[in-house]
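Undergrad: Everything below, folded, please.
(2 chains)
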Amino acid sequence: MSDSSHHGDFWRSLSEREADVEFTRFQENEFPGGIEAPDGISRRRFLQVMGASMALATLAGCSWPEEKIMPYAERPEGTDPGTPRQFATTMELGPVALPVLATSYDGRPIKIDGNPDIPLSGGATNVFGQAGVLDLYNPDRSRSVLRRSSFGDDSLGAKATWDEFQAFARKHFGGLAGGRLAILTGMTTSPAVWGMLARLQQRYRGARVYFHEPVCRINEMQGAKLAFGTPARSQLMVDRARVIVDFDANFLQDHPTALRNSRSFARGRRPETGRMNRLYVYENTFTTTGGMADHRFPTPASHIDATVWALAAELVLGQGLPLPLGTGVTRADLQPWRGHAAGGDHVAAVAQDLMANRGRSLLVAGMRRPPETHALVHTLNQALDNVGKTVAYLPQEMPPLGDIEALAGDLQAGKVGTLLILGGNPAYDAPADLDFAAALQKAATRIHLAETENATSRLCQWHLPRAHYLESWGDATGWDGSYLAVQPLIKPLFGGKTVAEVLSLLADDKPRTAYDITRDSFARGAGWGAAAPAEDPRFEKKWRRFIHDGILQGSASRGEPLALAGAPITPPQAPGFLDAGNLELSIHHDQSVYDGRFCDNAWLQELPDFMTKLTWDNAALLSPATAAELGVAHGDLVELQFAGRKQEMPVYLLPGQAPWSVSVMLGYGRKDAGRVGRGAGFNAYTLRTTGALHGGQGLKLGKTGRTYKLAVTQDHHAMDKVGSDEIQNRVPGLVRQGDLEEYKEHPEFVDHMGIHHPPLESLWKEWDYSGYKWGMAVDLNACNGCNACIIGCQAENNIPVVGKDEVARGREMSWIRLDRYFLGDPEDPECAQQPVACAQCELAPCEEVCPVAATMHSSEGLNMMVYNRCVGTRYCSNNCPYKVRRFNWFNNFEDLTATQRLVLNPDVTVRARGVMEKCTYCVQRIEKARVTARVENRKIRDGDILPACAQTCPTDAIVFGDLNDPASRVSKLREVPRSYDLLSYLNIKPRTFYMARIRNPNPEIAAAAGHGAGHGHEGEPER
Amino acid sequence: MKAAATDYLNNTADDPTRPQQLILGNNDFTTITEKVSDIVLERKTPLAWYVAFTFTAGLTAILFLMIGYLILTGVGVWGLNNPVGWGWAIVNFVFWVGIGHAGTLISAILFLLRQKWRTSINRFAEAMTIFAVICAGIFPGIHVGRVWVVWWLFPIPNFQHMWPNFRSPLLWDVFAVGTYATVSLLFWYTGMVPDLATLRDRAKGKLQQIIYGILSLGWVGSHRHWHRYEKAYLILAGLATPLVLSVHSVVSFDFATAQLPGWHTTIFPPYFVAGAVFSGFAMVGTLLIPARQFFGLKEIISLHHLENMNKIILATGSMVGFAYATEFFIAWYGGNPTEGFTFVNRAFGPYAWAYWIMVTCNVITPQLFWFKKLRTSIPVMWILYIFVNIGMWFERFVITVTSLSRDFLPSSWAYYRPTIVDILTFLGSWGLFFTLVLLFIRFLPMVAMAEVKTVMPMADPHSGERHIVGDYHGDIPEEIRKKGVK
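TA: Numbers count the residues shown, from 1 in each chain, chains lettered A, B, ... in the order given. Coordinates of the predicted model:
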């Protein structure tokens, strides 16, 4: 398949050799990879693991084709052993395509970063992008075609080959009536896949295509269709907006262009440049966007639609905003919403602010909001003159597809004889009322393509292994219309095929490779014709450019203004009153495992949620007051009863959760998960029905009298009074914040916060830094807590995963963490966040106390950990005021399978049991830049070195550089008045400094709410 | 009759006209020798000893099993976590080192201060010191992540061509505890040589004769031997005296030189030393009371001895209480809000239970020793000794764990809980300690016979004439001379 892949042959052999090794390891190792330490293993889990080992041993026991590994006789052009190479490719997550650069080390993909040349990424990635590489090496990926004759959770398939499947397909599909064929696909953006689907439909006339995407953006499309008469993708230009109102959109995290939004939001919020936007957020649970808000209004999700109408009524009827031409809303429609309670106390102030910033404001609604709300938001953006200024639209054709509800109906009606499922896991994640697992089995022949053998596979006769995107040729379409390339870095490790290849297997007489399909698709996308020309140097040049850049240059669009089409917009029902007997269920996708597809990804499972700091689990999020009213406490196992369905879940008290609103996250509780994800969390899909995909009112919460252990990386809200009072006292000095007015008046306000101290002197002779002096700036005004740096660091620095029990014991290993504090009223708190990693103190307390001198100071100011000298007294960690040092309590790599080991970065030492580790400022990258600079006979330039966290940060909140170079970015940031050192009174002289967060509250609301207390000069602890 | 029998054992009357006898009953040199050496040589080992030994040896086996498990698996088998990098292992280390202090204080300082009452208990206390230091020494060795390279802490040549870091208090610890263990062992052994020779001379078994013969280094009791012996003993007492103060001072530096609030205080060296003496005396008492009971040594280890120890416990316990108060005062007076919080958190935070156990056992209950009646009551004092043992363990727990669990950045705060391995290891160290104590009782003279004899009336060259015990200088009224003990 990959004639032009340089690495294929080499790796194919080695991977299979690894597989053999892995099989042996399975037999030897009682506790195969991804499993917690032995003391944390329950008997049940043990049996599961043993079961998995046996099953895999059975599979692996069948012979692998033997090939000999041979060294290169001649080195392929362009490869240097040991020199990593980067390839532009694209990761798809539902209907969102993320352009990335994948780093390959001797033919082995080890790291994903954003593609800096493509604005959709700008060099940044999100956690899914960063962690996606680990899925490639998931030891539970399916390793061959499987054929089944019995079905169910425990059914074992028989190993088969692609040839056997092809023989079956030829026979079966040869005489197939198209009308009996149904295809279920995810919402891909790949023109090549759509092309193949069309081809299949041509071949089997009457074949129907359905789509299913648990995290679905169809409401946005339908909302645009309602407003403009055509579906469209909104293109936000956040940096141009002075006032932004977010309705449950979480546009910094959940929007398809979240990375671009984050960057431009930060750009529109730098007080030094004079640009300072103001953000209002209406949401029921605390999101990253809510954490960044100047005013966040905790609002039950079922009230938010009414909130938009109330704001519209206030704008139009209260403030005299003229309704735009072509709107489907009338003044009479708005009348009942004027002054409606759902608008909240400050609707007039928000409306005034919007009126004052016409043409410079932006309203965004989230994907969970119904089409009508989207249409109203489009109307308001039009009325506020924002269209073409802060928002534009990209019309998007929607292929005529059935949804999963239609498919379930057709299955039940017996209209489907053969069902082809291309990816996904509908048996797990389809709405519960469809009982899709039962409906599925009405089709006589069922074929499932998936990366792992999941619940759906176990109900199908054929399971086909799917290639990971890093093993695939393909294409994709970005949210801004850009045409993106998907190219493999490695030959499929386990013989998987892409969606397009499987379709070709069925649609073409002579199956084509994904490479050929992609070239043809590219030819069409680039306007070359229906298929790629055989030999055309101009086409080759263009194709090579496409593959090199990862994007077809010029294909991205900024969007265009669209005219409103005038279809009437139905106002929502007045929201019901919530109380203890009528709670609200709010269903969200998870920020770690997404819709469940990443549940076998150990990095993501162990990634603390931004707000809850919860790992390895989901929970029912309740506000502290609601929980008190209901008489439940943190960690209580409760039974959620919604629309006749029940699900147990533990309670988590989240300050700032809207009253009476219970948020649950999808993607957990997968019984079909592999070794990593099994037993993690509770399945919220059981509460999800077609009529209430995002929840609704009428939830009841019943006590079970049991509790459940939740593994959080930071103390939760349910803390003793002494501690929580101290947090309120102390945090203003740690995470320094001020209001914009205050900052303008007293630019040096940060220096008056925290603990005051006389001039301090060191006991020791201070170091002299004559060469480079590395330092780092962290801008709290830009950081929105997206977590990408944590996974970026984990991938770069071989940071181990330790499992739930270890996290619960406080032994997570991440070198960079995001501290999150809630300040003020627990029902409506402010959120203060702060990324913390080793600050490389100049007078490092850790260095003084190590008895064996295993942590030493470099001439450039790095505080270096000498792993092979460390005896593990942990004294350094005790003496570290930031507590950023991490200790290897066990051999954390012992349990990794040979496949899992492939992801390790060879530039970074794998740490042994019993040694301490911590952030190194990515010293391996510093040294690499030094080598390059030396070869070129120059000094290291500013920007040559990007630590992994800084590289992946979408907001450029982390800046690294040489503090001895006055022209470097970091030196300049040091001079900004709002820069400060964390815990400076200890005289440790940290090299990482912080830039205080500046808030821009609306003076009217602030005055009304007494906002601003606890800031600035008053932030100092009062003892 | 019975009342009279116990009454003669009560030598605690505070009558300046009637100096107290240290050794009661009709004892002379021979009876002392017999009473002490018969425990080792003549008397049949009681069944209780075997029962106790089986139990403690079993606990010791658990200790070594736990250590083996730890070394094979990793320090993670303990309950430590990220902020709390030191837990029970270090608590136990400081606890055991502290216990050792009583022995050295009794042997060395009281010797130099010519406190004659020390002679009855010093051997026992010194043995306890050695055993406690052995128990203590285990913990820093095994608590490190890589036990197999722990020798890098010693300044010996190695392939890395590196010195240890002399700025680290952990290194000072290595020297301090190493010196202490060495000097204590020498002191104990030197003092035991004449008694070992007694055992050698009285032993009937060949094996016993050989072993005690080797151990007694050819002692024949010549004047020259006594002369050398007393010089050596004096020198070692002089060497050991500063160690009483230095060891726990250095141990306290582990904490005091760190910058952690709750550790970083200058009061620690004296406070730790007072606490160590306090806990050590309590431990000596805990062991002596059953020992004198079971082995019929009530005349030699009299109530007067115990009362003196209780007075020291009262004094050092009050010092410790004063130190607690000073810490709080300085935390407030120093104006450092982080330190202030640490102490409020100790008393009212999640570890308040541990803090109040500590205060109750260390400060409040020892105050009962102000009352003579309680101070001289065997059951009361034994219970209070147990309380002090508990309280002093908790003191180390409070210092080590509460400070770490909530330090500078609230994000890293976490609660520490021991695992079953922590608990069994600690219990196992008690097993080791008591095993060694039982072996000592069984095979070595638990009272320093030679020294006790020096404080008996017969040691006085004029004793035959004056029949006065305990007085060497004074003019004694005639009627008292006549009533003098024979």
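Undergrad: burial of residue 135, as a residue count?
TA: With no chain named, the answer covers chain A. For A:Asp135, the neighbour count with other C-beta atoms under 10 Å in any protein chain shown is 21. No exception for glycine: its C-beta is placed from N, CA and C like everyone else's.
Undergrad: that's the wrong chain, I wanted chain B
TA: As a measure of burial, B:Cys135 has 25 neighbours, counting by other C-beta under 10 Å.
Undergrad: Check the offset of the helix or strand it falls within from the chain's centre.
TA: Counting by DSSP states H and E, the element that carries B:Cys135 is helix B:122-142. In this view, helix B:122-142 has its centroid 8 Å away from the chain centroid, taken as C-alpha atoms, centre = their mean, to the nearest Å.
Undergrad: Tell me the helix or strand right after that helix.
TA: helix B:169-202.
Undergrad: And that following helix, what does it pack against?
TA: helix B:29-41, helix B:88-104, helix B:122-142, helix B:206-215, helix B:223-256, helix B:449-454 (3 or more C-beta pairs under 8 Å, 6 or more residues apart in numbering or on different chains; DSSP states H and E).
Undergrad: any idea of the mean pLDDT in the helix holding B:Cys135?
TA: Regarding helix B:122-142, the rounded mean pLDDT is 89.
Undergrad: in that helix, what counts as buried?
TA: By 16 or more other C-beta atoms under 10 Å in any protein chain shown, the buried positions in helix B:122-142 come out as B:122-140, B:142.
Undergrad: can you check stretch A:75-95 too?
TA: A:79, A:84-85, A:87-95.
Undergrad: Show me the shaky parts of the stretch 851-1000 of chain A.
TA: By pLDDT under 70, the stretch 851-1000 of chain A has no low-scoring segment.
Undergrad: For it, list the residues in contact with chain B, please.
TA: A:851-853, A:869-875, A:877-879, A:881-883, A:886-891, A:912-916, A:983, A:986 (C-beta under 8 Å from any C-beta of the partner chain).
Undergrad: From the residues you listed, list the buried ones, please.
TA: So, by 16+ other C-beta under 10 Å, the buried ones in those are A:851-853, A:869-875, A:877-879, A:881-883, A:886-891, A:912-916, A:983, A:986.
Undergrad: what's the least confident helix or strand in chain A, going by average pLDDT?
TA: helix A:8-28 (a mean of 40; mean pLDDT, DSSP states H and E).
Undergrad: Output the contacting helices and strands for the helix or strand encompassing A:Met864.
TA: Assigned by DSSP H and E, A:Met864 belongs to strand A:863-865. If contacts are counted by 3+ C-beta pairs under 8 Å, 6+ apart, strand A:863-865 sits against strand A:855-857.
Undergrad: hmm, who's touching the strand it packs on?
TA: Here strand A:855-857 makes contact (C-beta atoms under 8 Å, 6 or more residues apart in numbering or on different chains) with A:767, A:842, A:844, A:846-847, A:863-866, A:870, A:876, A:916.
Undergrad: Leaving out sequence neighbours, find the closest residue to residue 106.
TA: Defaulting to chain A. Spatially, and ignoring its direct neighbours in sequence, A:Asp106 is nearest to A:Pro81 (6.1 Å; C-beta to C-beta, 6 or more residues apart in numbering or on different chains).
Undergrad: looking at chain B here, not the other one
TA: Going by C-beta to C-beta, 6+ apart, B:Ile106 has B:Ala125 as its nearest residue, at 4.4 Å.
Undergrad: Would you confirm that that neighbour contacts B:Leu110?
TA: No. The criterion here is C-beta atoms under 8 Å, and B:Ala125 misses it with B:Leu110 at 9.6 Å.
Undergrad: ranges for the strands of the stretch 451-600 of chain A?
TA: Under the criterion DSSP state E, counting those that start in this stretch, the stretch 451-600 of chain A contains strands at A:462-465, A:474-477, A:483-486, A:583-588.
Undergrad: Within its sheet, name the partner strands of the second one and how each one runs.
TA: Strand A:474-477 has the following strand partners under DSSP bridges: strand A:483-486 (antiparallel).
Undergrad: So what's the gap between the partner strand and the chain middle?
TA: On C-alpha atoms, centre = their mean, the centre of strand A:483-486 falls 20 Å from that of its chain.
Undergrad: do the same with stretch B:87-106
TA: Worked out by C-alpha atoms, centre = their mean, stretch B:87-106 lies 8 Å from the chain centre.
Undergrad: again with stretch A:650-661
TA: 22 Å.
Undergrad: now stretch A:964-975
TA: 32 Å.
Undergrad: contacts for that stretch?
TA: A:769, A:771-773, A:775-777, A:779, A:942-943, A:959-963, A:979, A:993, A:995.
Undergrad: Tell me the buried residues within the residues you listed.
TA: Looks like the contacts of stretch A:964-975 have A:769, A:772-773, A:775-777, A:779, A:942, A:959-963, A:979, A:993, A:995 buried, using 16+ other C-beta under 10 Å.
Undergrad: Looking at those, which two lie furthest apart in space?
TA: For those, the farthest-apart pair by C-beta to C-beta is A:Tyr769 and A:Asp779; their separation is 23.7 Å.
Undergrad: Need the distance between the two termini of stretch A:861-877.
TA: 19 Å (C-alpha to C-alpha, to the nearest Å).
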